[in-house]
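**Q** structure, please.
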Amino acid sequence: MTFLVIIIILALVFDYINGFHDAANSIATIVSTKVLTPFQAVLWAAIFNFAAFFISKYLIGEFKIGNTIAKSVNEHFITLEVIFCGLIASIAWNLLTWWFGIPSSSSHTLLGGFMGAALAHAGALTRDGLSVINYAKVVPTFLFIFLAPFIGMIFGYIITVIIINICRRANPYRADNWFRRLQLISSALFSLGHGGNDAQKVLGIIAAAMVANGNLDNIKHVPNWVPIACFTAIGLGTLSGGWKIVKTMGTRITKVSPLEGVSAETAGAITLFLTERLGIPVSTTHTIAGAIIGVGATKRLSAVRWGVTINLLWAWILTIPVSAVFAAIVYFIVHLVK
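**A** A predicted model of the protein is given here:
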């Protein structure tokens, strides 16, 4: 029981780190356009991160993404040790990328760490030939590493073009003031999507640990304190901010105006709500980066700093395999010192 408590605490620590690591996703554009101060922005985002609990619980009616994460590894290979090692590796990768200001995916590092530890535990395949990885759950997640930013980019481009055409004859000063107000709404929507998407992943890990320990028979029966704790932790993490990554997301990809901020955040929110409905865990980092690229491309392709974007792409591609290797190493170290 003590080991389970340690794992739950570690999972909530990861959730907290996820919040300040991904705070930039929710607030980068609204800070870079000076609609809100950094503190006002993180407070605004944190409130809606937690409010996402009520959307997932009462509007959607279930935690589909949590279910996907919990079942990404075949239940025969889920042990408390596997979850512990996966969390240690995920926390290490998140802190490393945060330190260097790299907006990598907390979602994918968690998935990679979970799978890497399970593979180390099982030796890739069991004697009876059952695969460690539940490919029906994992393959869509892998596909959306590339699809989520692409969808965000398309939505960002389309929404920006529509707004520009609608407001073509508007007074520039008055229009700018309106878009500054609208950015409060679009930022709130994106923060709802961020909370609903990312907090559920930790919920899934805690539920998997409780099932492995015999405290639960099914993730659908998870007690209410688990999602409340997860959504609270990510909200508190967001409140702590992540200023290095804010700079990358808010200014280094492309210069963003209030109009473009509204477009990017709305595009990101639509993508996150869609994937949450489908139960596919995606990266909020990838999503908003894609949306910002789509918005920047409406001006001209050269407005997007592609060198920064390519560096981000490498971080996205490497996150799952590196996290998996980290987790496998941690698993072997744990067994050496036992």
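
**Q** need phi/psi at the residue in the chain sticking out farthest from the centre.
**A** For the chain, the largest distance from the centre (C-alpha atoms, centre = their mean) belongs to residue 169, which lies 38.0 Å off. Torsion angles at residue 169 (phi, psi; degrees, to the nearest 10) stand at phi -100, psi 10.

**Q** would you mind measuring from it to residue 175?
**A** From residue 169 across to residue 175, the span is 10 Å (C-beta to C-beta, to the nearest Å). For glycine as for every other residue, the C-beta is placed from the backbone atoms N, C-alpha and C.

**Q** list the contacts of stretch 65-77.
**A** Residues from elsewhere that reach stretch 65-77 (C-beta atoms under 8 Å, 6 or more residues apart in numbering): 82, 110-111, 114-115, 118, 121-122, 126, 130-134, 137-138, 141, 196-197, 200-201, 203-205, 207-208, 211, 219-220, 222, 227, 276, 279-281.

**Q** okay, buried residues for it please.
**A** 65, 66, 67, 68, 69, 70, 71, 72, 73, 74, 77 (16 or more other C-beta atoms under 10 Å).

**Q** and that stretch, how far out from the chain's middle?
**A** 17 Å (C-alpha atoms, centre = their mean, to the nearest Å).

**Q** list the helices and strands the host helix or strand of residue 158 packs on?
**A** Using DSSP states H and E, residue 158 falls within helix 135-166. If you count contacts as 3 or more C-beta pairs under 8 Å, 6 or more residues apart in numbering; DSSP states H and E, helix 135-166 packs onto helix 106-122, helix 258-278, helix 284-297, helix 306-337.

**Q** report the buried residues of that helix.
**A** Applying a neighbour-count criterion of 16+ other C-beta under 10 Å, one finds 137-138, 140-141, 144-145, 147-153, 155-157, 159-160, 163 buried in helix 135-166.

**Q** that older thread, buried subset of the contacts of stretch 65-77 as a ChimeraX selection?
**A** Filtering the contacts of stretch 65-77 down to the buried ones (16+ other C-beta under 10 Å) takes a single ChimeraX command:
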select :82,110,111,114,115,118,121,122,132,133,134,137,138,141,196,197,200,201,203,204,205,207,208,211,219,222,227,276,279,280,281
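
**Q** what's the spacing between residue 152 and residue 15?
**A** 23 Å.

**Q** one more: residue 224?
**A** Distance from residue 224 to residue 15, by C-beta to C-beta: 16 Å.

**Q** of these two, which one has the most company?
**A** residue 15 (27 against 9; other C-beta atoms under 10 Å).

**Q** wait, that one sits on residue 235?
**A** No - checked against C-beta atoms under 8 Å, the pair residue 15 and residue 235 is beyond contact range at 9.5 Å.

**Q** next, residue 78: phi, psi?
**A** In terms of degrees, to the nearest 10, the main-chain angles of residue 78 are phi -90, psi 110.

**Q** could you report the pLDDT at it?
**A** On the pLDDT scale, residue 78 is placed at 89.

**Q** I'd assumed residue 211 was in contact with it.
**A** Yes - with contacts counted by C-beta under 8 Å, residue 78 reaches residue 211, the gap being 7.3 Å.

**Q** what's the mean pLDDT across the host helix or strand of residue 189?
**A** Using DSSP H and E, residue 189 falls within helix 172-212. Helix 172-212 shows an average pLDDT of 89 in the prediction.
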